[in-house]
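[1] Here is the input, now give the coordinates:
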Amino acid sequence: MNKKSKNGGYAALKAAFPHTVPVMAGYLFLGISYGIYANVSGFNFLYPMMMGIIVYGGSLEFVAVSMLLGSFAPLQTFLVALLIQARHLFYGIAMLEKYRGTGWKKLYLIYTLSDETFSVNCSAKVPEGVDKGLFYFFISLLDQMYWVFGAALGGILGSFIPFNTEGLDFVMTAMFVVIFLEQWLKEKKHYTALIGVFASAGCLLVFGADSFLIPTMVCILCFLTVFRKPIEKAGGFE
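    Model prediction:
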C-alpha cells in the first residue's frame, strides 16, 4: 500500500509540474520583486518568506508592506484585505465540483486557491490513472513554493543588489494570456472563453478599471450557471 501511494504521488507530481511552468516564471519574477520591495522597506528576508507561507495573497502582500509601516488600523486593514481578495469567493464557488471528493487535500486546495492556481486547475485535464486530488494538490503546492522561494530570494538579494522592479508585473499578464490561449485551443466550442472576454470588457466599460473585477466575476458566474447545460453539451467544460 505504501509503495502504491508513493507511486501515485510521483505520477501526480510528474503530471502536475508541466502545468505549473508558466506560473513558476511569473511567480519567481514577482516574488523576487516583492522580496526586494519588502527589504528596501525595512524588513529582512524572513518577512516576505513567512508572508508567502501564511498569507499567500499576491497583491495583498505588496499592500501589506505599506499597511504594516503605517498606523495601527485593524478594521481598515481587514476591509482593504477583504476587497482585494473578494474575487476568491467566486473562484471557490467555481471550484466546488472539481475539488469534490479530494479528501484531506481539500483544505489545502482551498487555502492555496490563488488567481494563477485557479486558472491552471480550472483548465488542466487530469491524466488518466492519476489521482485527481493529488494532481490538484501538487499544482497548488508547487505554485506556492515558487512564490515563497522567489519572495525569500528577493528579500536576500535586496540587501546586496540594486534592482528596479518597474514593469515586472507584466509577467503575470503574459502568463494569463498563455493560459487563456491554451484553454481556447482545448475547448471544442469557445463559449466559456467568450463569456469571460465579453463580461470583462462590458464591466470594464461600465465600472472602470479600478472596480470592474468583482462585477465581472458575478457576471461570469451568472452566465455559466444559466448556460451550464448548453455549454456542457457543446463540450465547453472539461
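[2] Can you pull the domain assignment for this protein?
    As recorded under automatic domain parsing, the domains making up the chain are 2-170, 187-238.
[3] ok, and residue 113, which helix or strand is that part of?
    Per DSSP states H and E, residue 113 falls between elements, in no helix or strand.
[4] Run a quick neighbour tally on it.
    Burial of residue 113 is recorded as 21 neighbouring residues (other Cβ atoms under 10 Å). The way it works is simple: take the backbone N, C-alpha and C, and place the C-beta from them, glycine included.
[5] Residue numbering should commence at 589 henceforth.
    Noted, 589 is the first residue going forward, which turns the last one into residue 701.
[6] quick one: low-confidence parts of the chain?
    Along the chain, the model assigns pLDDT under 70 to residues 589-595, 750-764, 767, 822-826.
[7] can you give me the helices for it?
    590-628, 634-642, 647-657, 662-673, 675-682, 694-699, 703-711, 720-745, 758-774, 779-795, 801-814, 816-822 (DSSP state H).
[8] For residue 655, which non-adjacent residue is closest in space?
    Taking Cβ to Cβ, 6 or more residues apart in numbering, and ignoring the residues beside it in sequence, residue 655 has residue 665 as its nearest neighbour in space, at 5.3 Å.
[9] Could you double-check that the one you found sits in contact with residue 659?
    No: distance between residue 665 and residue 659: 10.3 Å, which falls outside the contact criterion (Cβ atoms under 8 Å).
[10] more neighbours, those two?
    The neighbour count for residue 665 versus residue 659, taken as other Cβ under 10 Å, is higher for residue 665 (15 against 6).
[11] Residue 815: how many residues sit nearby?
    15.
[12] Repeat that for residue 727.
    Per other Cβ under 10 Å, the neighbour tally for residue 727 reads 25.
[13] now residue 660
    The burial metric for residue 660, expressed as a neighbour count using other Cβ under 10 Å, is 8.
[14] again, but for residue 649
    Considering only other Cβ under 10 Å, residue 649 is surrounded by 24 other residues.
[15] do residue 699 as well
    Residue 699 has 11 neighbours, counted by other Cβ under 10 Å.
[16] Identify the residues contacting it.
    Applying Cβ atoms under 8 Å, 6 or more residues apart in numbering, one finds that residue 699 lies in contact with residue 644.
[17] Now do it against residue 687, distance only.
    For residue 699, the distance to residue 687 under the criterion Cβ to Cβ, to the nearest Å works out to 12 Å.
[18] Likewise for residue 696?
    On the measure of Cβ to Cβ, residue 696 and residue 687 end up 10 Å apart.
[19] again, but for residue 644
    Between residue 644 and residue 687 the distance, using Cβ to Cβ, works out to 17 Å.
[20] Residue 602 too?
    21 Å.
[21] The residue lying closest to residue 698 once chain neighbours are set aside: neighbour count?
    In space, and not counting its chain neighbours, residue 698 is closest to residue 680: 6.7 Å by Cβ to Cβ, 6+ apart. Neighbour count for residue 680, taken as other Cβ under 10 Å: 14.
[22] And residue 746, by the same measure?
    What residue 746 shows, counting by other Cβ under 10 Å, is a neighbour count of 25.
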